[in-house]
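Undergrad: Sharing a model that was predicted from the sequence below.
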Amino acid sequence: MFATLNEAITFIRSYLTETEGPPRVFDTSHIILALYYVFNKGPCSRTSLSAYLNLGEGSIKSMIRIMKNLGLINTTFKGCYLTELGSQIIQLFRYYFPLIVEEVPNLKYVKMGNFNSLIVLRHISISNFIKLRDMFIRKGAEGASILHFQNNILSIPLVIEDLSIHSEEDYSILHNFPLKNGDFLVICGADIRQKALIAAISGLLSSINLFIHLE
């Protein structure tokens, strides 16, 4: 069991680093997203995980094997399901990142690409918005935007103070999500839906203790 999200992430990363094998096309962010998906959907098949993560059958088999070795999931004829350890990790993750939206359609002002994924950040502070945005680009996003929700206003720090003045439509779309005072919203865009999602998760995990600070 882990006391912090940092410990859980280090546990997964260390195993991936130390385990020998052919080059992988998945990393810690894919495993976290897989846990999140299984948490929300219940027992799920390799096929559904493959579609959600945009990974081939061989990569999904390899990732599931690693997740089983880590003690994060078990499998039955019904599919993959979370173990107690897997459930604990995803609960730690959801405390800070309570909402992941694979695609937010119809955005205009904060549209970052053909497909736009959204993650809500809670119980965190951000020390450098520009470097955090650049991290999402480094991880594969075509564009990224970070918004702050405070007193019923959505702002883009260092850019605009009130999104509703610039786009009532975008404000209405984003305000319909279950936001709490002080939340941050990350929107990553890409030409492929899964690419936007992976860039968002990977950028967040890579920025913890650098630009993102867990409270």
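TA: Sure, I can see it.
Undergrad: Domain parsing of this protein, as residue ranges.
TA: With domains defined by automatic domain parsing, the chain comprises 5-94, 97-214.
Undergrad: how long is the last one end to end?
TA: Between the opening and closing residues of domain 97-214 there is a gap of 11 Å (C-alpha to C-alpha, to the nearest Å).
Undergrad: Output the domains of the chain in a markdown table; the columns should cover mean neighbour count and mean pLDDT.
TA: (Glycine included, C-beta is placed from N, CA and C.) Shown next, in a markdown table, are the domains of the chain (neighbours: other C-beta atoms under 10 Å; pLDDT from 0 to 100):
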| stretch | mean neighbour count | mean pLDDT |
| --- | --- | --- |
| domain 5-94 | 17 | 93 |
| domain 97-214 | 18 | 97 |
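Undergrad: Trp157 - nearest residue in space that isn't next to it in sequence?
TA: No, residue 157 isn't Trp; it's Pro. Excluding the flanking residues, the one nearest Pro157 by C-beta to C-beta, 6 or more residues apart in numbering is Phe129, at 5.0 Å.
Undergrad: Mind telling me what element Gly189 is part of?
TA: Element membership for Gly189 (DSSP states H and E) is strand 184-190.
Undergrad: Partner strands of that strand, with direction?
TA: strand 115-121 (antiparallel), strand 143-150 (antiparallel) (DSSP bridges).
Undergrad: how about these in a markdown table, adding distance to Glu161?
TA: Below are these laid out as a markdown table (distance: least, C-beta to C-beta, whole Å):
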| stretch | distance to Glu161 |
| --- | --- |
| strand 115-121 | 19 |
| strand 143-150 | 10 |
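Undergrad: Let me know which of those strands is the nearest to Asp191.
TA: strand 115-121 (7.1 Å; C-beta to C-beta).
Undergrad: From the chain's centroid, how far away is that closest one?
TA: When distances are taken as C-alpha atoms, centre = their mean, to the nearest Å, strand 115-121 is centred 8 Å away from the chain's centroid.
Undergrad: mind exporting that strand as CSV, just the C-alpha atoms?
TA: Listed in CSV are the C-alpha atoms of strand 115-121, where the atom choice follows Å, rounded to 0.1, in the frame of the first residue of the first chain:
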residue,chain,number,x,y,z
PHE,A,115,-9.6,16.3,-30.7
ASN,A,116,-9.5,17.8,-27.2
SER,A,117,-9.1,15.9,-24.0
LEU,A,118,-9.8,17.5,-20.6
ILE,A,119,-8.5,16.7,-17.1
VAL,A,120,-9.6,18.4,-13.9
LEU,A,121,-6.9,19.1,-11.3
